[in-house]
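[1] Let's see this in three dimensions:
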Amino acid sequence: MADHGSNIVRPSIPPHRLPAFPAALGSVIFLLLLIGAVFWFVIRVEVNANEILVLVNKTGHTLPAELVDQFGDQVILYPQLVEAIAASTGETPEDVRDGYKGVRYEVLPEGRYFPNPYSYRAIKQSATIIRQNEIGVLTRKYGNPLPFPKTVATEPDERGPVAEILRPGRHNINLLAYEVQRFPAIQIPEGHVGVVTLLSGEDPKKRNTYTVEPGEKGVQRQTLPPGLEYYNSYLKRIEIVDVRSHKYDMLGEDAIHFPSNDSFRITIEGTIEWAIRPDHVAEATVAYGDEQDILSKVILPNARSVARIQGSKLLAREFISGKTRTAFQERLLSELRRECWKQGIDIKSALVRDIQPPPEIASLISQREQADQEIERSTNEMEEAKAEARLVEQRELQEQNKAIGDGRRQVVTVTKQAEQGKIVAITQAKRELEVGKLELQAAEKQAAAIRSRGEAEANVVLYEYQARAEPLAMAVQAFGDGVTYAQQFFLQRVAPSISSILSNTDGPFAEIFKQLQTFGETSSQGGGR
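    Numbers count the residues shown, from 1 in each chain. Predicted structure coming up:
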């Protein structure tokens with residue numbers, strides 16, 4: 001049997017047509033891979049954390065000729081320029097940003113981007129980080145020059161330092177459009193204030209004044225309280241001023257020298273405590289300067305002047321006395337405070353620590369002063385003795401008054417006790433009287449009840465006897481008289497007991513009937529008469 005499998009005829013493919021389809025597919029895949037590699041390794045831009053991306057348009061139109069005079073040769077496509085070009089050409093702002101050469105104003109945050117390298121130049125920049133206790137000041141590189149006399153840019157299309165500051169934190173700033181300068185924030189400690197000087201603003205309406213109104217260029221009348229202050233050093237300057245109390249010792253060369261009224265040289269050493277008035281800090285700082293300037297220009301000249309004027313009114317020996325020295329110190333403080341207050345300085349105290357008279361009279365004055373002190377001490381001792389005597393007298397008087405007071409208190413106590421006993425007795429008598437009245441009322445009511453009960457019982461007996469007497473009276477009335485009724489009653493009672501009448505008319509029993517008969521006849525005859 002023939003092998004049919006070996007006789008099968010298979011179609012043949014020309015050798016030049018076998019790789020045609022795989023080669024085309026491989027070319028497409030290779031091209032796609034090449035394009036992907038170009039996009040991934042060449043065009044791809046990775047913007048990492050704390051980075052931004054700025055695009056620069058490499059192709060497109062240039063600034064229209066009619067806007068060159070107004071905007072000049074600008075390379076930043078900032079919003080005001082884009083709006084002006086759009087208004088001039090009739091395009092939309094998006095078309096202007098994409099169709100004109102220049103640096104794009106807007107920045108792109110972190111992310112992955114594939115900008116066309118033919119049309120754009122991609123520039124990665126670090127984000128602007130402002131640390132704590134620091135501020136950032138922007139200097140705008142585009143826009144119109146600042147008009148005189150402005151020193152900071154307050155309008156969005158002005159070139160120069162920008163009035164607004166960058167506070168601590170992250171800011172996405174286009175460093176091709178701005179320059180960032182960092183300055184430390186100013187810390188105003190406790191007991192201090194900040195005097196503000198505006199370097200840019202309106203011209204003052206009032207000339208030749210130490211301070212100006214708010215918003216005007218110059219030293220501001222309102223000061224800053226203690227705390228952390230963020231400010232633009234191009235816009236304002238802050239000077240820290242100490243408003244706490246200060247002490248200055250006028251010793252040695254700084255002591256005050258002046259002639260007394262009798263032409264002796266007097267030297268005074270003392271201490272002055274002072275502070276700047278809170279409502280005049282700005283004026284005092286501008287007018288005089290710092291603490292040393294205030295001390296040398298205001299306090300010391302006034303202290304020397306007042307001391308000389310007041311000291312020249314006294315004799316040299318009067319500066320030794322304590323009373324005169326105290327009076328001089330009070331006048332010095334009063335006059336010095338009044339003069340310095342006008343100049344914005346508050347004098348807290350002016351203490352005279354030592355007064356040195358001339359050596360040639362110091363001993364004599366000291367001796368006289370000691371004698372005066374001895375006299376004063378003797379006088380004080382006499383006054384103390386008098387005071388002691390008055391004290392003893394007052395003590396005895398107090399004892400006497402105390403005894404009198406004790407006696408009066410005893411009298412008052414006895415009187416109060418008698419009055420209280422009287423009140424108690426009266427109260428008890430009244431109570432017993434009330435009880436007697438109540439018992440009397442009870443007895444009267446009880447007697448009335450007994451009387452009522454007796455009358456009721458008597459009425460019952462009376463009614464009972466009346467009830468018995470009325471039939472008897474009616475019976476007597478019916479028989480004519482009582483004797484007849486009695487005879488009838490007797491006979492009614494006796495008759496049933498007599499069964500027979502003895503025929504013998506003699507005897508005691510017959511006598512009774514005879515007497516009754518005789519009594520009856522006599523009574524009837526008497527009644528007939």
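
[2] alpha carbons only for contacts and neighbour counts from here, please
    OK.

[3] residue boundaries of the strands in the stretch 1-150 of the chain?
    Along the stretch 1-150 of the chain, the stretches classed as strands by DSSP state E, counting those that start in this stretch are 45-47, 51-57, 76-77, 102-104, 111-113, 120-126, 128-130, 134-140.

[4] tell me the mean pLDDT over the fourth one?
    Going back to what we said before, that points to strand 102-104. For strand 102-104, mean pLDDT rounds to 93.

[5] Run the chain-centre distance for the one helix or strand Lys323 maps to.
    Assigned by DSSP states H and E, Lys323 belongs to helix 322-342. Here the centre of helix 322-342 is set off from its chain's centre by 40 Å, with Cα atoms, centre = their mean, to the nearest Å.

[6] what does stretch 419-431 give?
    When distances are taken as Cα atoms, centre = their mean, stretch 419-431 is centred 62 Å away from the chain's centroid.

[7] Now that stretch - C-alpha only, CSV.
    Only the C-alpha atoms of stretch 419-431 are listed here, as CSV (Å, rounded to 0.1, in the frame of the first residue of the first chain):
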residue,chain,number,x,y,z
GLU,A,419,-37.6,95.1,135.1
GLN,A,420,-37.4,91.5,133.8
GLY,A,421,-38.7,90.2,137.3
LYS,A,422,-41.5,92.7,137.1
ILE,A,423,-42.4,91.7,133.6
VAL,A,424,-42.3,88.1,134.6
ALA,A,425,-44.6,88.7,137.6
ILE,A,426,-47.0,90.8,135.6
THR,A,427,-47.0,88.1,132.9
GLN,A,428,-47.6,85.4,135.5
ALA,A,429,-50.4,87.4,137.2
LYS,A,430,-52.0,88.1,133.8
ARG,A,431,-51.8,84.5,133.0
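
[8] Can you give the contact residues for it?
    Counting contacts by Cα atoms under 8 Å, 6 or more residues apart in numbering, no residue outside stretch 419-431 touches it.

[9] what mean pLDDT does that stretch have?
    On average, stretch 419-431 scores 84.

[10] One more: stretch 187-203?
    92.

[11] would you turn the strands of the stretch 1-150 of the chain into a markdown table with distance to Thr223?
    Shown next, in a markdown table, are the strands of the stretch 1-150 of the chain (distance: least, Cα to Cα, whole Å):
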| stretch | distance to Thr223 |
| --- | --- |
| strand 45-47 | 45 |
| strand 51-57 | 40 |
| strand 76-77 | 40 |
| strand 102-104 | 42 |
| strand 111-113 | 46 |
| strand 120-126 | 38 |
| strand 128-130 | 26 |
| strand 134-140 | 21 |
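
[12] quick check: angle from the longest helix along the chain to helix 322-342?
    Across the chain, the longest stretch assigned as helix under DSSP state H is helix 359-479. Counting by axes from the mean of the first three to the mean of the last three Cα atoms, to 10 degrees, helix 359-479 lies at 90 degrees to helix 322-342.

[13] where are the low-confidence patches of the stretch 251-400 of the chain?
    The model of the stretch 251-400 of the chain has pLDDT under 70 over residues 320-322, 358-369.

[14] Touching, Lys297 and Gly289? I think so.
    No - counting by Cα atoms under 8 Å, Lys297 stays clear of Gly289, with 9.2 Å between them.

[15] hmm, back to that, for His257, find the nearest of the strands of the stretch 1-150 of the chain.
    strand 134-140 (51.8 Å; Cα to Cα).

[16] Can you list the neighbours in contact with that closest one?
    Strand 134-140 is contacted from outside by 130, 158-168, 177-185, 230-232, using Cα under 8 Å, 6+ apart.

[17] hmm, who's touching stretch 56-73?
    Taking Cα under 8 Å, 6+ apart as the rule, stretch 56-73 contacts 74, 81, 85, 98-104, 118-123, 143-144.

[18] for that stretch, what is the average pLDDT?
    83.

[19] got it, and stretch 445-461?
    82.

[20] Off-centre distance for stretch 31-44?
    That offset, for stretch 31-44, works out to 70 Å (Cα atoms, centre = their mean).

[21] Which positions in that stretch come out as buried?
    Using 16 or more other Cα atoms under 10 Å as the test for burial, stretch 31-44 gives 39, 43-44.

[22] Surely Pro225 and Ile188 touch.
    Yes - look at Pro225 against Ile188 with Cα under 8 Å: they come within range, at 7.3 Å.

[23] So for the two, which residues contact both of them?
    Gly194.

[24] Looking at those two, which is more packed in?
    Neighbours were counted for Pro225 and for Ile188 using other Cα atoms under 10 Å; Ile188 has more, 20 against 15.

[25] Can you show me the helices along the stretch 51-200 of the chain?
    68-71, 79-89, 93-99 (DSSP state H, counting those that start in this stretch).

[26] Which of the ones you listed sits closest to Arg353?
    The minimum distance between Arg353 and these falls on helix 79-89, with 72.0 Å, by Cα to Cα.

[27] name the helices or strands packed onto the closest one?
    Packed against helix 79-89, as judged by 3 or more Cα pairs under 8 Å, 6 or more residues apart in numbering; DSSP states H and E, are the following elements: helix 93-99.

[28] just how off-centre is the helix it packs on within its chain?
    58 Å.

[29] buried set for that helix?
    Neighbour-count burial for helix 93-99 [16+ other Cα under 10 Å]: 93, 96-99.

[30] Which elements pack onto that helix?
    helix 79-89.

[31] Which residues does the helix it packs on contact?
    With Cα under 8 Å, 6+ apart, helix 79-89 has contacts from 63-64, 67, 71, 91-93, 96-97, 105, 156-157.

[32] pLDDT on that helix, on average?
    91.

[33] what do you get for stretch 207-225?
    Stretch 207-225 comes out at a mean pLDDT of 90.

[34] Narrow the contacts of stretch 56-73 to just the buried residues.
    Here, 16+ other Cα under 10 Å leaves 74, 81, 85, 98-104, 119-120, 122, 143-144 buried among the contacts of stretch 56-73.

[35] Show me which pair in those is furthest apart.
    Pairwise distances across those (Cα to Cα) peak at 28.0 Å, for the pair Ser119 and Asn144.

[36] Tally up the residues packed near the closest residue to Lys150 other than its chain neighbours, please.
    In this structure, Lys150 finds its nearest non-sequential neighbour in Ser200, 5.9 Å apart by Cα to Cα, 6 or more residues apart in numbering. Using other Cα under 10 Å, Ser200 has 20 other residues around it.

[37] Tell me how far Ser200 lies from Ala153.
    10 Å (Cα to Cα, to the nearest Å).

[38] hang on, the earlier thing: parallel or antiparallel, which strands does the very next helix or strand once past the helix holding Lys323 pair with?
    Using DSSP H and E, the helix or strand that directly follows helix 322-342 along the chain is strand 345-356. Looking at strand 345-356 with DSSP bridges, its partner strands are strand 265-276 (antiparallel).

[39] any idea how far the strand it pairs with is from the chain center?
    42 Å.

[40] Where do the helices of the stretch 201-350 of the chain begin and end?
    Using DSSP H, counting those that start in this stretch, helices in the stretch 201-350 of the chain cover 281-287, 291-294, 300-311, 322-342.
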